[in-house]
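J.: please work out how this folds:
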Amino acid sequence: MNLDMTGMATPEGKEFLRLRGGVVGLEMFKEYMEILMKTGVTGYPYVKAKLVGPAGDPHTPIGRLVDIQKVRDLTAYTFALPAPKGAKVNATVAARGRALFSQQCVSCHNVDQSKPVPLRLVDLKTLWPGYAPVPVGLRGDSKQSTVLNSLGTFDDKMVIADASHRGEPRLPRGNALPLLLDLDRTTLFLHDASVRSLEELFNPKRGKLSPHPFYLSDAAERKALIDFLRSLDTEPQNIVSSK
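T.: The predicted structure follows:
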């Protein structure tokens, strides 16, 4: 499903959305089909997969399973790809940025991008002090959790997926930690792509209730942190002085 979202437009995809979202899930299916039709998308699903069982199984959410050897081959190929190189930056400035990063950011992020990212979620309330979810609709089944949403876009991807379909207490919402690579060329930041630059990301003008409100008020310190982040790649020490 992650390889080909058009799998959601199949009968099994519709059933998965119904199971997970009830009436809200069916509305999502209807709107998704309308988008595909209006944009002229045809010939889906694009990733070929065998029907192996009913929709809703945790191992085959939409009842389809691709060839496992092809998945292993694709995984091996992606693991073999080299990481993008960091930018060449002023070594002195970036060293100050590294110190700031080590003081303020390592509770969530690695300094060394050659190390695996910790496998944990950061609670959404920690990432987004303004997070205030409210019920936005019932899903047509008393066993299913109420759909929650907060103003803004930072939690939109979680509205259906994190809701329990068994009536169990929901786990705290959160985001996985990212690798900090290729930041010199990146123009969209945060999980909802709502921030357009590193300068904007660390500028307190965004406000204390915004997502990821971890700021530096001093412009020189912001510049140093940004230069350090721009220089990151999978080499443990990659601060190359530029003239």
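J.: only C-alpha atoms from now on, for both contacts and neighbour counts.
T.: Fine.
J.: hey, which helix is longest across the chain?
T.: Once the chain is assigned using DSSP state H, the helix that runs over the most residues is helix 11-38.
J.: number of nearby residues for residue 180?
T.: Burial of residue 180 is recorded as 18 neighbouring residues (other C-alpha atoms under 10 Å).
J.: residues in contact with stretch 55-73?
T.: With contacts defined as C-alpha atoms under 8 Å, 6 or more residues apart in numbering, stretch 55-73 is touched by 1, 7-8, 12-13, 15-16, 19, 47-54.
J.: what about the residue nearest to residue 111 when sequence neighbours are not counted, neighbour count?
T.: Excluding its sequence neighbours, the residue lying closest to residue 111 (C-alpha to C-alpha, 6 or more residues apart in numbering) is residue 102, at 6.8 Å. By the criterion of other C-alpha under 10 Å, residue 102 has 14 neighbours.
J.: just the helices in the protein please.
T.: Secondary structure of the chain (DSSP H): helices located at 11-38, 68-80, 91-104, 124-127, 198-202, 219-231.
J.: pick the most deeply packed of the ones you listed.
T.: Highest mean neighbour count among the helices of the chain (mean count of other C-alpha atoms under 10 Å): helix 219-231, with a mean of 22.
J.: who's in contact with that helix?
T.: 85-90, 93-98, 100-101, 180, 182-184, 198-199, 202-203, 216, 238-239.
J.: next, name the residue at the spatial heart of the chain.
T.: residue 191 (4.4 Å; C-alpha atoms, centre = their mean).
J.: before we move on, the earlier item: centre of the chain to the longest helix of the chain, how far?
T.: Distance, stretch centre to chain centre, for helix 11-38: 22 Å (C-alpha atoms, centre = their mean, to the nearest Å).
J.: check stretch 35-42 too.
T.: Per C-alpha atoms, centre = their mean, the displacement of stretch 35-42 from the mean C-alpha position of its chain is 25 Å.
J.: kindly check the end-to-end length of it for me.
T.: 11 Å (C-alpha to C-alpha, to the nearest Å).
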